[in-house]
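Participant: What shape does this take:
(4 chains)
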There are 2 protein chains.
Amino acid sequence: MKLTKASTQAALALAYLSSRKDEGFIQARNVAEFLDAPTDSALKILQTLARRGLLQSQLGRSGGYRFSGDPDRVSLLHVVEAIDGPIVSDIRISTGPQVDRMVTVLQSACDHAAAHIREDLNHVTIADLAGKTTRNADLLLAV
Amino acid sequence: MKLTKASTQAALALAYLSSRKDEGFIQARNVAEFLDAPTDSALKILQTLARRGLLQSQLGRSGGYRFSGDPDRVSLLHVVEAIDGPIVSDIRISTGPQVDRMVTVLQSACDHAAAHIREDLNHVTIADLAGKTTRNADLLLAV
DNA sequence: GTTCCCCTACTCGGATACACTTTGTCCGAGTATGATCGG
DNA sequence: CCGATCATACTCGGACAAAGTGTATCCGAGTAGGGGAAC
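Facilitator: Now for the predicted structure:
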């Protein structure tokens, strides 16, 4: 299981913004510094998150980004699927004549795996990342 | 969840060879035809499987490949990890100063997901693919 | 008939070129805020 | 004192280059079996 760099940074950025959600709009530059990444890279991630509704953006001179949701109700799954696209099963082969049934079995296994991934990612929230809850994070870390 | 083309073809090849395991060594060309793939591509996959011990290879004039194991004891997990490498959690970010704890939480979630993937893949065997068993395949297809 | 040698058919393993995905960077355009200027 | 205009600081969104990973193809080398020649 791998998280792309982009979705990892997206999760971290959301956690960062959620911890400063009372301070109004935070500029992309600040988020970039937190992520130790170029401003442009952070910008692209923040824009995507805003387009997907996970962040609010404000144009203009004192603009920036703000996390306005409930950190407990935004899961890693939302973040990853917003950035990398949906997690679905994917068999990269053109079904030949003899192998149809076999491919179906493989497909089924992948479907199960994909469902499990989604489930696992859905169990971790932005609040867990930000450490603003005692619900899951320490439990997870203890395992 | 995605299977690479190579590991998919590897699984299909193993299923094919397991269904003909009594016929001695099968040439790579025949496997390639079954997969509807170039001989060279099939060859590389077969070679890797042989190196990993999932197939036996025979040099020389009437050489080829043979599946000598128990189709019920070789799972998709073995195949995928033989071809694509081990399935492990993977966070592609250099841990910064402030984000250590967050990354640890992410890592934990990925670990869980990876374990689930391995579990799911381990439940499907070559025999399930080849249809030589009633144990799992139809069950899987029914879901 | 037996032994030796060569030819053929196949795998082995590395090397290389190609394609796709992910990542990093840049630039023009648009928008809200605050300052400045004119009435 | 008030309103219009302008400069500034930021986001938006696309476009593009660079890097990494997965895929396809090629080629020389090595090995086992069979056929033929020599004895």
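Participant: Just give me the residue right at the centre of chain A.
Facilitator: A:Val79 (2.1 Å; Cα atoms, centre = their mean).
Participant: quick one: A:Ser7 and A:His78 touch, right?
Facilitator: No. Using Cβ atoms under 8 Å, A:Ser7 makes no contact with A:His78, being 10.6 Å away. Quick note: C-beta positions are derived from backbone N, CA and C, even for glycine.
Participant: check contacts around A:Ser94.
Facilitator: B:Asp36 (Cβ atoms under 8 Å, 6 or more residues apart in numbering or on different chains).
Participant: secondary structure class for the residue in chain A that DNA strand C sits nearest to?
Facilitator: Nearest to DNA strand C in chain A, going by Cβ to the nearest atom of the strand, is A:Gly60, at a distance of 2.3 Å. Using DSSP: H, G, I helix; E, B strand; the rest coil, the structure places A:Gly60 in coil.
Participant: where do the helices sit along chain A?
Facilitator: Secondary structure of chain A (DSSP state H): helices at A:5-19, A:28-35, A:39-51, A:76-84, A:100-122, A:126-130, A:137-142.
Participant: Just give the number of residues close to A:Asp70.
Facilitator: 11 (other Cβ atoms under 10 Å in any protein chain shown).
Participant: now do A:Gly131
Facilitator: 14.
Participant: Is it in contact with B:Val99, as I believe?
Facilitator: No. With contact defined as Cβ under 8 Å, A:Gly131 does not count as touching B:Val99 (11.3 Å).
Participant: Find the nearest non-adjacent residue to A:Gly64, please.
Facilitator: A:Phe25 (3.4 Å; Cβ to Cβ, 6 or more residues apart in numbering or on different chains).
Participant: just checking, that neighbour touches A:Arg66?
Facilitator: Yes. With contacts counted by Cβ under 8 Å, A:Phe25 reaches A:Arg66, the gap being 5.0 Å.
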